[in-house]
Structures are given as structure tokens and as C-alpha cells.
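Asker: need a 3D model of the following:
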Amino acid sequence: MAENTDIQPGKPCPICAKPAVQQFRPFCSKRCADVDLHRWLSGSYVIPAAPDEDEDDDQRPPPPEER
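Answerer: Numbering: from 1, shown residues only. The predicted structure follows:
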């Protein structure tokens, strides 16, 4: 049984929209892969979230008393 080694047209590179290359998939080049890695490491990719409303202020220790 032979494996299918043909590159089927798929999604474009998420950075520059050029066709993806198998070696760097889903990117088209090492440069675009590195751009994506930099965005992850620098915090550019974040999931926005709201603070939890379930947090109780009663669980915090009381502030130190002033004398």
C-alpha cells in the first residue's frame, strides 16, 4: 500500500496567506513559523476573559490594624 505524498491544497499560511508548505505546515516558510512563535511568546495571542465574579472578598485576610 503506497502512501499519498501529494500535497493537497489546504488552508493558506495563517501569517501571509501564501500556500502552506509540508515542511513548515501550517505555514509557508520558517520565517512565518518564527513570526507566529514570536507572537505566542510575546503575549500577542490572548484569550480575553472577565474576572471571576464568584471570588469572595470574605476569604481574604483582614488588613493589619493600625495602632
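Asker: poorly predicted segments of this protein, please.
Answerer: Applying pLDDT under 70 to the chain flags residues 1-9, 54-62, 66-67.
Asker: and the helices in it?
Answerer: 30-42 (DSSP state H).
Asker: so what's K30 up against?
Answerer: F24 (C-beta atoms under 8 Å, 6 or more residues apart in numbering). Using the backbone N, CA and C atoms, a C-beta is placed for each residue, glycine as well.
Asker: the same query, at a cut-off of 10 Å, please.
Answerer: V21, Q23, F24 (C-beta atoms under 10 Å, 6 or more residues apart in numbering).
Asker: tally of neighbours for the second one?
Answerer: The local packing of Q23 (other C-beta atoms under 10 Å) involves 10 other residues.
Asker: in this structure it contacts S29, no?
Answerer: Yes: taking C-beta atoms under 10 Å as the definition, Q23 is a contact partner of S29 at 8.9 Å.
Asker: quick one: the strands in the protein, in order.
Answerer: Secondary structure of the chain (DSSP state E): no strands present.
Asker: can you list contacts of stretch 35-43?
Answerer: C13, P14, I15, C16, P26, F27, S29, S44, Y45.
Asker: out of those residues, who's the most crowded?
Answerer: Most surrounded of those: other C-beta under 10 Å gives F27, at 22 neighbours.
Asker: quick one: that one from G10, how far?
Answerer: 12 Å (C-beta to C-beta, to the nearest Å).
Asker: residues shared between the contacts of these two?
Answerer: A20.
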